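Peer 1: structure, please.
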Amino acid sequence: MKGLFLVTKKFLEKRYGAEIVTSDQKYYVINEAVNLDLKAIFIAIPKTGTTSVRRQMKQRGIPIIPNPHLNILQVRDLIYVHLLKITLGGNRTFPNNDLPDDPGLRAEAKEIFTSCFKFSGVRNPWARAVSLYFRREGIRTRETISFEEFCQQHMHASDTCRQPTLHRNQYDWLCDEKGENLMDYTYKVENFDQAISEISELTRGRLILKDLIKNRNPGSQSMNYREMYNDTTRKLIGTRFEKDIDIFKYTF
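Peer 2: Numbering: from 1, shown residues only. Okay, here's the model as predicted:
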């Protein structure tokens, strides 16, 4: 597989009947969680077990933005940026009537986005808060404050992450400007085995994933998250992430 760059380049050259040549011929990709060979976009919400899926989705090339945790609108906009990047790489024809203009590129980006299978995974907010508190990357809050203090200050879904974004809830990664869900499929990480089968069925076998995390630790804090909570902290997380709890039907 030669990567998203060659796939998109070939698509545009076929559509417009003109060769597109970049100045450096590097293979650029939109993001490691976007695979146009498979016509699939994965939205990797931090601390929802995304590494396994991203590893299987990743194509060879240089991502426009290395951060894998982009929301659906950022990925949508990056498709246009990617098309713009490779079409402006070099001029090898005269006259240029057969090359795509900007409205054409935007139309192509919209068509590509619409045709992709868009999916993501979410996690129980109470379990996820414990995982964020005990995380080894990013900010290690467990070394400086108690779990109760963490819950009091935990305001955003990516708090303590290496790539912070001010999303209040996990759902904010998945919706448009009006709050409408743009996903074709959203699974719970707690039911990933079932999700693998359903994703394959929904994509007619185009996207076949495996569970690469073979050795989960049954004694980890996030697996036994209820032990971390008292009445106060349980209510804090329940109130603060009420949207996720309501939309995805989570209970403590």
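Peer 1: could I get the average pLDDT for stretch 173-184?
Peer 2: Mean per-residue pLDDT for stretch 173-184: 97.
Peer 1: likewise stretch 51-59?
Peer 2: On average, stretch 51-59 scores 90.
Peer 1: now that stretch - C-alpha only, PDB.
Peer 2: Written as PDB, here are the backbone C-alpha positions of stretch 51-59 (Å, rounded to 0.1, in the frame of the first residue of the first chain):
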ATOM      1  CA  THR A  51      -3.900   2.600  19.900                       C
ATOM      2  CA  SER A  52      -5.000  -0.800  18.700                       C
ATOM      3  CA  VAL A  53      -7.400   0.600  16.000                       C
ATOM      4  CA  ARG A  54      -5.000   3.400  14.900                       C
ATOM      5  CA  ARG A  55      -2.200   0.900  14.400                       C
ATOM      6  CA  GLN A  56      -4.400  -1.100  12.000                       C
ATOM      7  CA  MET A  57      -5.700   2.000  10.300                       C
ATOM      8  CA  LYS A  58      -2.400   3.800   9.800                       C
ATOM      9  CA  GLN A  59      -1.000   4.200   6.300                       C
END
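Peer 1: what's in contact with stretch 148-167?
Peer 2: 45-47, 67, 69, 71, 128-129, 132-133, 135, 137-142, 145, 168-170, 172-173, 230, 232-233, 236-237, 240-241, 244 (C-beta atoms under 8 Å, 6 or more residues apart in numbering). Every residue, glycine included, has its C-beta placed from N, CA and C.
Peer 1: which of those residues fall in helices?
Peer 2: Counting by DSSP state H, the contacts of stretch 148-167 place 128, 129, 132, 133, 232, 233, 236, 237, 240, 244 in helices.
Peer 1: any of the contacts of stretch 148-167 buried? List them.
Peer 2: 45-47, 69, 71, 128-129, 132-133, 135, 138, 141-142, 169-170, 172-173, 233, 236-237, 240-241, 244 (16 or more other C-beta atoms under 10 Å).
Peer 1: list phi and psi for the spatially most central residue of the chain.
Peer 2: Nearest residue to the geometric centre of the chain (C-alpha atoms, centre = their mean): residue 43, 2.0 Å. Main-chain torsions, residue 43, degrees, to the nearest 10: phi -100, psi 110.
Peer 1: neighbours around residue 109, how many?
Peer 2: 20 (other C-beta atoms under 10 Å).
Peer 1: before we move on, what SS does it have?
Peer 2: Under DSSP: H, G, I helix; E, B strand; the rest coil, the three-state class of residue 109 is helix.
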